[in-house]
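[1] quick one, fold the following:
(2 chains)
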There are 2 protein chains.
Amino acid sequence: MSKRQLHLGAILTGVGTDQQEWLHPEIPGNASIDIDWYKQQARAAEAARFDFVFIVDSPYITPDSAPHFLNRLEPLTLLSALAGATDKIGLVATLTTSYTEPFNVARQFASLDHISQGRAGWNVVTTGLEGAAGNFGLEQHIDHGERYRRAREHVQVVQGLWDSYEDDAFPRDKAHKQFLDPAKQHRLDHRGEFFSVTGPLNISRSAQGQPVIFQAGISESGRRLAADIAEGIFAGVDNFEDAREYYADIKRRAAEAGRDPALVLLFPGITPIIADTDEQAQALQRQRDGELDLNKALVQLGRPFSYHDFKQYDLDAPFPELGELGSNGYRGHAERIKRVASEQGLTLRETALRFARPFSGFAGSALTVANEIERWFLEGAVDGFNIHVGAPSEFARFTDEVLPILRERGLFRSEYQASTLRGHLGIDVPHNRHSETHAPLRVAS
Amino acid sequence: MSKRQLHLGAILTGVGTDQQEWLHPEIPGNASIDIDWYKQQARAAEAARFDFVFIVDSPYITPDSAPHFLNRLEPLTLLSALAGATDKIGLVATLTTSYTEPFNVARQFASLDHISQGRAGWNVVTTGLEGAAGNFGLEQHIDHGERYRRAREHVQVVQGLWDSYEDDAFPRDKAHKQFLDPAKQHRLDHRGEFFSVTGPLNISRSAQGQPVIFQAGISESGRRLAADIAEGIFAGVDNFEDAREYYADIKRRAAEAGRDPALVLLFPGITPIIADTDEQAQALQRQRDGELDLNKALVQLGRPFSYHDFKQYDLDAPFPELGELGSNGYRGHAERIKRVASEQGLTLRETALRFARPFSGFAGSALTVANEIERWFLEGAVDGFNIHVGAPSEFARFTDEVLPILRERGLFRSEYQASTLRGHLGIDVPHNRHSETHAPLRVAS
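    From the prediction side, this is the model:
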């Protein structure tokens, strides 16, 4: 396959990350804690030859949190369980750098990477919800700028620990009773602003060398971090123009950082709505928007602003002036909401309804959705998409009706050509910093 | 089953926790990072109706560490993967309280407990190796006394978080659009010496209420902690008399703490050596002892003393005077070695060889081993054993030859009578502190 290939992730969210998806008749109320539900969805994504499944995360809830966040499986244990229920598909878990120890994170992802024979990915987040601080002994959430500096150093430490052993460190020679070649075990001896970590890590590299790094930065600090360290980027999008601006910006920043932009892949999250005709899909979309509960939409709107209470404002006045609010939470999301509300002159009610449902620019017949995906892909807005997986019948419309069109156009694989996540994405196996051969290894794909 | 039942755990250790087990021809050199090896062993233990598999752990290595510790899967990811490969057997993971956040620990164990439908257990340790501090940003390992105070508070926080939701907190009523009953979600609002944790945890209780707490305290602080919080106790033993003293001591302390001693179960770890006759088993044991590499035995001896270098001493002089050395490491183990060496007047060489191999009081024909197990069980030394699983053919001798004798005597199950770990152990489902019904629920067994 020499033609540039589309990459697809499947976001598995149990009962759904918004306030109303759990009401769908096909979705069992306990989906977010039911490993069998996840296995079924991961297998469906694997049968459709997706690159990876993707698990979102957040370590803080209130009684108003969306159903999925209230009661759910933890990403690393969940993906370790899915590893045995799948063979080829990548397994990407979200984990915060703000409230974890790099040694423990390095170890668990490396272990998942072995358990899955080289299919692990880490979506690096800094945690946008200020309330999380209270679950980890802090009076106040770590400041936005500090969170990003900490994230950068955290990932640097984790990647350093992942290289603790050269690939031939273990002769395991029973005849000569030599298990380890001690010259090929390396301490890290890192001392930085936030972390001091001696190492070595007690686990070797996997079939793909190291887990793949994902990130989803939208704010200025977030974009810088994504461009510097991410191999896959998962960010929300609002429309084609914004996506293309974001894509160009990240690729430019990556190039400026001395990286090959072709190896920094962008997959925004979308929730396609597919029906027999465009009209039916749009009607379905209008119906869903009409079912929105305004109170829940206001709660959802408050989330990027650390659950700010929007019920205190006049619903039909312009979106309120919030000052710095949101700047220490999901800053990028908060800035986007403020900007869209201001540019489009939205009231609070309109803003809440506008952001209560995921971006749905992909509503139409299978052909329309396939065309739109192709346009975004060919016109420099994306390298692929992260598809929200909700009701099985809706995901099946995507896999059974949209994917065949994309395959016919040579844009998406019919069979896996590799067995690791790096292999699916066509990105390098990172060179071990301690080894003598210095050429990076490109995975055959 | 009204007769008191023996409980059995299977310690899965990949290539083995000592310096030479990996040389066994049946054990592949990569066993400790091979999920299929673990699956095979867990399935063998489940086929033999063991109560649980048990994973030891330690977050610090040197080039001299035993092969299993050098390169191994992390316990929680490993057991999450084993959950799908087994149906009934309990899954007990070791995790330190010294270098983890209670919120993350509570979440991962609760998730494992859901993934396995109520089979999770947590072996609480404080980490005996002083070098671990360097992997977690500390100049010095946390002091022994402080470690145990921290462990106690850590477990208290984790158990509090596990009760965040009452069992009927989720009506999941689609008709009335009510997912959560917010009155049944509870914050913890813990503020203690080491931790401040607001909660609530974002996952509900499982089929067994909460994961089972294991501990292995030998030192004074360790025994106190074990008696106060543990439901299963896994500690090394040296001989029948010591085991009986330890058993009586723990049960007495548990009673003094207001607990039912019958619900605090002791399972020391043993490595049976089974042959067709007692003479053959003893010959095998002598052969293994003879194969010991003295240098490696000295390294192994140093481990409880934070890898103290014993090579500097005269091998044939009495075991050296070490002062306080070891008191901030594996204090209980270190004290035991000092005591045995002193009481028996051992040289350093003899001490190293004595402790380089696990206690092997269970060497003999299947009948002899079964008799010895029965004696320990009936004469107040144990509630069961944690059996070291090494070479498959050796474990098979235990399951296929010893267990049928114990079953014939009505001491061990032929079939599982329950599907949770608490059910196998016959211990209570802990009452949720926020619920109205106050009678503890005893699992049917």
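
[2] quick check: which ranges of the stretch 51-200 of chain A have low pLDDT?
    Within the stretch 51-200 of chain A, no stretch falls below the threshold (pLDDT under 70).

[3] quick one: the helices in the stretch 101-250 of chain A?
    A:102-115, A:144-162, A:220-229, A:240-256 (DSSP state H, counting those that start in this stretch).

[4] show me what contacts the residue of the stretch 51-200 of chain A found nearest chain B?
    Ranked by CB to the nearest CB, the top residue of the stretch 51-200 of chain A for proximity to chain B is A:Arg172, at 3.0 Å. Just so you know, the C-beta spots here come from the backbone N, C-alpha and C atoms, and that holds for glycine as well. By CB atoms under 8 Å, 6 or more residues apart in numbering or on different chains, the contact set of A:Arg172 is A:178-179, B:22, B:29-30.

[5] circling back to that earlier point, ranking the helices of the stretch 101-250 of chain A by burial, who's on top?
    Mean neighbours per residue, mean count of other CB atoms under 10 Å in any protein chain shown, is largest over the helices of the stretch 101-250 of chain A for helix A:102-115, with a mean of 27.

[6] ok and that helix relative to helix A:144-162, angle-wise?
    50 degrees (axes from the mean of the first three to the mean of the last three CA atoms, to 10 degrees).

[7] who are the packing partners of helix A:102-115?
    Judged by 3 or more CB pairs under 8 Å, 6 or more residues apart in numbering or on different chains; DSSP states H and E, helix A:102-115 is in contact with helix A:75-83, strand A:90-96, strand A:120-125, helix A:144-162, helix B:75-83.

[8] now these in JSON lines, with distance to B:Leu225?
    Formatted as JSON lines, the helices and strands packed on helix A:102-115 follow (distance: least, CB to CB, whole Å):
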{"stretch": "helix A:75-83", "distance to B:Leu225": "26"}
{"stretch": "strand A:90-96", "distance to B:Leu225": "30"}
{"stretch": "strand A:120-125", "distance to B:Leu225": "34"}
{"stretch": "helix A:144-162", "distance to B:Leu225": "30"}
{"stretch": "helix B:75-83", "distance to B:Leu225": "20"}
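
[9] and A:Leu378, which of the ones you listed is closest to it?
    strand A:90-96 (23.8 Å; CB to CB).

[10] distance from the chain centre to the closest one, please.
    7 Å (CA atoms, centre = their mean, to the nearest Å).

[11] is chain B within reach of that strand?
    No - between strand A:90-96 and chain B, judged by CB under 8 Å from any CB of the partner chain, nothing touches; the nearest distance is 9.5 Å.

[12] next one: stretch A:422-437
    No - Stretch A:422-437 does not reach chain B (CB under 8 Å from any CB); its nearest approach is 14.1 Å.

[13] export that stretch as PDB, just CAs?
    Listed next in PDB are the C-alpha coordinates belonging to stretch A:422-437 (Å, rounded to 0.1, in the frame of the first residue of the first chain):
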ATOM      1  CA  ARG A 422       2.800   1.300  15.600                       C
ATOM      2  CA  GLY A 423       2.500  -1.000  12.600                       C
ATOM      3  CA  HIS A 424      -1.100   0.000  12.000                       C
ATOM      4  CA  LEU A 425      -0.200   3.700  12.200                       C
ATOM      5  CA  GLY A 426       2.900   3.300  10.100                       C
ATOM      6  CA  ILE A 427       5.100   5.100  12.700                       C
ATOM      7  CA  ASP A 428       8.600   4.300  13.800                       C
ATOM      8  CA  VAL A 429       9.600   1.900  16.500                       C
ATOM      9  CA  PRO A 430      11.600   4.300  18.700                       C
ATOM     10  CA  HIS A 431      15.300   3.600  18.800                       C
ATOM     11  CA  ASN A 432      16.500   2.500  22.300                       C
ATOM     12  CA  ARG A 433      18.700   5.400  23.500                       C
ATOM     13  CA  HIS A 434      21.300   3.000  24.900                       C
ATOM     14  CA  SER A 435      21.700   0.700  21.900                       C
ATOM     15  CA  GLU A 436      24.500   0.900  19.400                       C
ATOM     16  CA  THR A 437      22.500   0.800  16.100                       C
END
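
[14] quick one: distance of that stretch to the chain centre.
    21 Å.

[15] if you count neighbours, what's buried in that stretch?
    Using 16 or more other CB atoms under 10 Å in any protein chain shown as the test for burial, stretch A:422-437 gives A:422-430, A:432.

[16] how many residues are close by A:Pro171?
    13 (other CB atoms under 10 Å in any protein chain shown).

[17] so who does it touch?
    Per CB under 8 Å, 6+ apart, neighbours of A:Pro171: A:178-181.

[18] next one: A:His434
    A:His434 makes contact with A:163, A:166, A:184, A:186, according to CB under 8 Å, 6+ apart.

[19] tell me the two of these that are most distant?
    Every pair of these checked by CB to CB; the farthest is A:Asp163 and A:Lys184, at 10.8 Å.

[20] out of these two, which sits in the busier spot?
    Neighbour tally, A:Asp163 and A:Lys184, criterion other CB under 10 Å: the higher count belongs to A:Asp163, 23 against 19.

[21] the more buried one and A:Ile142, how far apart?
    27 Å (CB to CB, to the nearest Å).

[22] ok, now A:Val53?
    29 Å.

[23] between the two, which is the more surrounded one?
    Neighbours were tallied for A:Val53 and for A:Ile142 using other CB under 10 Å; the higher tally belongs to A:Val53 (29 against 23).

[24] SS state for the more buried one?
    strand (DSSP: H, G, I helix; E, B strand; the rest coil).
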